[in-house]
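**Q** generate coordinates for the sequence data below:
(one chain, ligands or ions: 3)
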Amino acid sequence: MSRATADSLRVDASRLWARLEALGEIGAVHGPNGERGCARLALTDADRDGRDLVVRWMTDLGMAVSIDAVGNVVAVHAGANDELAPVMVGSHIDTVRTGGRFDGNLGVLAGLEVVETLITAGVVTDRPVAVAVFTDEEGARFQPDMLGSLVYVGGMALEDALDVRAADDGARLGDELVRIGYAGPTPCPAAGAPHRYLELHIEQGPVLEDEGVAIGVVTGVQGISWTELTITGQSAHAGTTPMRLRHDPGFVAASITAGVRRIAAELGGTQVATVGRCEFSPNLVNVIPATVTMTVDLRNTDEAILQDAEGRLAHLCATLAAAEGVAVAQRTLARFEPVAFDPAMVDLVEATATALGHRTRRMPSGAGHDAQMLARVCPTAMIFVPSVNGLSHNIAEHTEPEHIAAGADVLLQAVLACASA
Ligand code: GLV
Ligand code: MN
Ligand code: MN
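**A** Ligands and ions are numbered 1, 2, ... in the order given. As a prediction, the model looks like this:
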């Protein structure tokens, strides 16, 4: 195929959209104002049903599908020389409980659309093209996040990953894989690295929409620090215990929540801080709680500042524990340093989008992605498309079809560029 023919290839955006809609029906959540979201937590029955559908699509395209020991699905579309390492495209199809239909799903289904476009046009690339679905990217049910891709690149021992317990029902990850039929025979970590890795994803924030830019050129991913705090105090009667004699974990949890907001304000820049989970026990109106378990999510593009934020959180917890007479135990749920993507791959995404006539903007990713793990083993880049109202991890998550099409075409052309030997 001539370069001119390759340059003129475009995805079938309506076919991609139809797959997004069909996958989005599995675990569908409907909101009161017409929102159409998705609850497909990792390794639940809904995740299994979503995987089954995607695997069927992969098989229908004639791809060679393998499932590895941590449940990652990798489907390979042959190239002219299958001795060469593949160009890999991928993402995840698990969602948070209040998720949307695009987060992760887009990267996987755009990968299938790239493959189907190549097949339909009769284009054979030098290298194979692989489409990956990584297990438990969200980390909403099993921590850490990006668990499947982390094990894939050798960043976490398989046995440790299989022993992780679910935050909701305590189920063991390895048992859940077996239960849903996705404990596969392919060894993980993977035997060899892909030649290149590309991931198309929604931005999940408001910047591209605000600036009227169709394509975000992702320069890297900010560092992530997840901590679980268990605060233990003295449970007592809410009416009879004078305020001065309390050891109240609920008060400390509220103070930590306000405190992390203060830490983010003090550090400024890209620092963000979130308390996303907080559970009181016994959680009754007239009982001072015995324990509170809560999570703190800290992120920064700068590792030194992220460490500063972690230090301030530890100091805050120690100060509050001493003042209130409670114990605060810390457990790290996830910790990943900031990642910078390969400069040549970033340039490629930018040049490809520009050649297709799109306005672009370089930006770091605020969210975690499988790409940050693949970046450990091969040159990697990401393409962002706008999120309406900047919303994600919300059932109102939406991306306009024209932006889905634009991102998928950039992905297609970037794959073509990477897949020539
Ligand atoms: C994953 O989506 C994360 O960034 O929390
Ligand atoms: Mn995602
Ligand atoms: Mn997500």
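**Q** doesn't Gly107 lie inside a helix?
**A** Yes - judged by DSSP: H, G, I helix; E, B strand; the rest coil, Gly107 forms part of a helix.
**Q** what sits against Cys38?
**A** Residues counted as contacts of Cys38 (Cβ atoms under 8 Å, 6 or more residues apart in numbering) are Gly24, Ile26, Gly27, Ala28, Val29, Thr95, Gly99, Gly100, Arg101, Asn105, Ile395. Using the backbone N, CA and C atoms, a C-beta is placed for each residue, glycine as well.
**Q** name the SS class of the residue of the chain positioned farthest from its centre, please.
**A** Most distant residue from the mean C-alpha position of the chain: Thr240, 47.0 Å away (Cα atoms, centre = their mean). Taken by three-state DSSP, the conformation at Thr240 corresponds to coil.
**Q** how close does it sit to Ile288?
**A** Computed as Cβ to Cβ, to the nearest Å, the Thr240 to Ile288 distance reads 10 Å.
**Q** can you check Met382 too?
**A** From Met382 to Ile288 the distance is 47 Å (Cβ to Cβ).
**Q** what about these two, which has more around it?
**A** Met382 (30 against 20; other Cβ atoms under 10 Å).
**Q** re earlier: may I ask which of the contacts of Cys38 has the most neighbours?
**A** Counting neighbours by other Cβ under 10 Å, Thr95 leads these with 31 neighbours.
**Q** so that residue makes contact with Asp103?
**A** Yes - counting by Cβ atoms under 8 Å, Thr95 touches Asp103, with 6.3 Å between them.
**Q** now whichever helix in the chain runs longest: buried residues?
**A** The helix that spans the most residues within the chain, counting by DSSP state H, is helix 303-324. Across helix 303-324, burial judged by 16 or more other Cβ atoms under 10 Å covers Ile305, Leu306, Asp308, Ala309, Glu310, Arg312, Leu313, Leu316, Cys317, Leu320, Ala321, Glu324.
**Q** average pLDDT for that helix, rounded please.
**A** Averaging pLDDT along helix 303-324 gives 98.
**Q** confidence-wise, which helix or strand of the protein is lowest on average?
**A** Counting by mean pLDDT, DSSP states H and E, the chain has its least confident helix or strand at helix 3-7, which shows a mean of 74.
**Q** which regions of this structure lie under the pLDDT threshold?
**A** 1-4 (pLDDT under 70).
**Q** surely Ile404 and Asn105 touch.
**A** No - if you go by Cβ under 8 Å, Ile404 and Asn105 don't touch, sitting 10.7 Å apart.
**Q** so what's in contact with these two at the same time?
**A** Counting by Cβ under 8 Å, 6+ apart, the common neighbours of Ile404 and Asn105 are Leu20.
**Q** do you know how far the closest residue to ligand 2 within the stretch 151-300 of the chain is from Pro86?
**A** Taking Cβ to the ion, ligand 2 has its nearest neighbour within the stretch 151-300 of the chain at His201, 5.8 Å off. Distance check for His201 against Pro86: by Cβ to Cβ, it reads 20 Å.
**Q** can you tell me the closest non-neighbouring residue to Arg362?
**A** The shortest distance from Arg362 to any non-neighbouring residue, by Cβ to Cβ, 6 or more residues apart in numbering, is to Val217 (4.8 Å).
**Q** did I read that right, the one you found in a strand?
**A** Yes - applying three-state DSSP, one finds Val217 inside a strand.
**Q** would you turn the buried residues of helix 303-324 into a markdown table with distance to Ile231?
**A** Output for the buried residues of helix 303-324, formatted as a markdown table (distance: Cβ to Cβ, whole Å):
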| residue | distance to Ile231 |
| --- | --- |
| Ile305 | 26 |
| Leu306 | 23 |
| Asp308 | 23 |
| Ala309 | 19 |
| Glu310 | 18 |
| Arg312 | 18 |
| Leu313 | 13 |
| Leu316 | 12 |
| Cys317 | 8 |
| Leu320 | 9 |
| Ala321 | 8 |
| Glu324 | 9 |
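**Q** so which of these is the closest to ligand 2?
**A** In terms of Cβ to the ion, no member of those lies closer to ligand 2 than Leu306, at 20.3 Å.
**Q** if the residue of the stretch 151-300 of the chain found nearest ligand 1 is in a bridge, with which residues?
**A** Residue nearest to ligand 1 within the stretch 151-300 of the chain: Ile224 (6.7 Å; Cβ to the nearest ligand atom). Applying DSSP bridges to Ile224 gives these bridge partners: Arg299, Phe336.
**Q** hmm, back to that, quick one: which of the contacts of Cys38 sit in helices?
**A** Those of the contacts of Cys38 lying in helices (DSSP H): Gly24, Asn105.
**Q** and the contacts of Cys38 as TSV, adding distance to Ala273?
**A** Output for those, formatted as TSV (distance: Cβ to Cβ, whole Å):
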residue	distance to Ala273
Gly24	31
Ile26	33
Gly27	29
Ala28	32
Val29	27
Thr95	23
Gly99	22
Gly100	23
Arg101	28
Asn105	28
Ile395	24
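**Q** please narrow the contacts of Cys38 to those residing in strands.
**A** Judged by DSSP state E, these include Ala28, Val29 as members of strands.
**Q** that older thread, contacts only, for the residue of the stretch 151-300 of the chain closest to ligand 2.
**A** Contacts for His201 were tallied using Cβ under 8 Å, 6+ apart; they are 91, 103-104, 106-107, 365, 367, 369, 371, 382-385.
**Q** now do the same contact list for Ala314.
**A** Taking Cβ under 8 Å, 6+ apart, we find Ala314 in contact with Gln330.
**Q** SS state for Ala80?
**A** Ala80 is classified as coil under three-state DSSP.
**Q** what about it, how many residues nearby?
**A** 13.
**Q** from what I see, the residue of the stretch 151-300 of the chain closest to ligand 1 and Thr301 are in contact.
**A** No - contact criterion Cβ under 8 Å: Ile224 and Thr301 do not qualify, at 10.9 Å.
**Q** more neighbours: which of these two?
**A** Neighbours were counted for Ile224 and for Thr301 using other Cβ under 10 Å; Ile224 has more, 25 against 20.
**Q** quick one: the more buried one and Ala304, what's the gap?
**A** Using Cβ to Cβ, Ile224 is found at 15 Å from Ala304.
**Q** check Asp45 too.
**A** Counting by Cβ to Cβ - Asp45 and Ala304 are separated by 43 Å.
**Q** any residues of the stretch 51-200 of the chain in contact with ligand 2? List them.
**A** Counting by Cβ under 5 Å from the ion, the stretch 51-200 of the chain comes close to ligand 2 at Asp103, Gly104.
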